[in-house]
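Asks: For reference, the sequence and a predicted model appear below.
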Amino acid sequence: MTAADILALFPSTFLNFLIAFGLGAVFWVAGLVIVSLATPHAELALLRAGNLPTAVAFGGKALGMVLPIAAVARSAAGPLDQIIWCVVAVAVQLVVHLILSMLLPGRLKEEIEADQIGGGAVFVAFMQVGAGILNNAVMSG
């Protein structure tokens, strides 16, 4: 393949990139919003205020959410396939969040209200990342 051939293909491949990246970004942000709505705190306000337990837990959620979405972007057969599997990725991360909320009732809330980092925030972050890694591996084939 010559440089001219590569340049001739660039517009269509760049459009595919923009579509895949755009869908991934939309589902990443939408997934984080959905998970945030399932929490008793206004996470964005707490992040803006510099609340460390929120930053640790939310950072784990963000990383755990983007890992499978990235796997889907890499392996999807097209935009519709990517949309379907991004919905699954977000749903899995939401279920993990809800399970963690039931396992640690009130623990993260106490840390957030005291603005003191503790085991709850760290555990939530690592479990969300772990679920994202597993989700990523399963979705990337």
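Replies: Received it, and whenever you're ready, just let me know what you need.
Asks: Helices along this structure, start to end?
Replies: Under the criterion DSSP state H, the chain contains helices at 3-37, 43-48, 52-75, 79-103, 107-114, 119-139.
Asks: Show me what the fifth one is in contact with.
Replies: This points to helix 107-114. 40-41, 46, 51, 53-54, 57, 101, 117-121, 124 (Cβ atoms under 8 Å, 6 or more residues apart in numbering). In short, each C-beta sits where N, CA and C put it, glycine included.
Asks: Same list, the residues you listed, but as TSV with pLDDT please.
Replies: Shown next, in TSV, are the contacts of helix 107-114 (pLDDT from 0 to 100):
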residue	pLDDT
40	85
41	86
46	92
51	94
53	93
54	92
57	93
101	89
117	89
118	86
119	89
120	89
121	91
124	91
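Asks: Please identify, among the residues you listed, the one with the most neighbours.
Replies: residue 57 (30 neighbours; other Cβ atoms under 10 Å).
Asks: need the contact list for that residue.
Replies: 108, 120-121, 124-125, 128.
Asks: want to try JSON lines for the residues you listed, with distance to residue 22 as columns?
Replies: Formatted as JSON lines, the contacts of residue 57 follow (distance: Cβ to Cβ, whole Å):
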{"residue": "108", "distance to residue 22": "32"}
{"residue": "120", "distance to residue 22": "35"}
{"residue": "121", "distance to residue 22": "31"}
{"residue": "124", "distance to residue 22": "29"}
{"residue": "125", "distance to residue 22": "27"}
{"residue": "128", "distance to residue 22": "24"}
